[in-house]
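**Q** Turn this into a model:
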Amino acid sequence: MRYMFLIYSREVGGEPKLDRAALIAAHWAVMNETKRLGILHGCSPLQPTGTATTVRMEHGKPLVLDGPFAETKEQLAGYYIIECQDLDEAISWAAKIPTYCQGLEGCIEIRPLANVPPPEAAQSVAQ
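**A** As a prediction, this is how the structure comes out:
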């Protein structure tokens, strides 16, 4: 099963004495190991929240807002998608993914990805 690991942490600049080189090296270690095992399906850091755009629908028309919707100390910083046998294996991989903050200020949310049927299967169900 594929799992998405959502990395929440403080934005760059909000963390105390961050060793960016060590953080980047730790991410590369996880990426290289999962690539070697053939279980990495994607990963990427996100640009800062100041670059975000939020779209809401209002009366059938898009309402475009600058920035993220939520104002919190922790922001979605990036993600990994990794193939795992089960949740226990997913938890073991999440423990290897570094965040900008430690303890209660940063976390990895693990979410199983849903299987989406191909378009032709959806059409046959609708008929």
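**Q** Lowest mean pLDDT among the helices and strands of this structure, which one is it?
**A** helix 119-126 (a mean of 68; mean pLDDT, DSSP states H and E).
**Q** Pull the distance from the longest helix anywhere in the chain to the chain's centre.
**A** For the chain, the longest helix by residue count, based on DSSP state H, is helix 20-37. Centroid displacement of helix 20-37 relative to its chain, using C-alpha atoms, centre = their mean, to the nearest Å, is 15 Å.
**Q** partners of the helix or strand following that helix, with directions?
**A** Going down the chain from helix 20-37, the next helix or strand is strand 40-45, by DSSP states H and E. Using DSSP bridges, the strands paired with strand 40-45 are strand 75-83 (antiparallel).
**Q** which residues sit against the partner strand?
**A** For strand 75-83, contacts defined as C-beta atoms under 8 Å, 6 or more residues apart in numbering pick out 1-11, 30-31, 34, 38-46, 49, 68, 90, 93, 97, 99-100, 113. Any C-beta I mention is one placed from the backbone N, CA and C, and that applies to glycine too.
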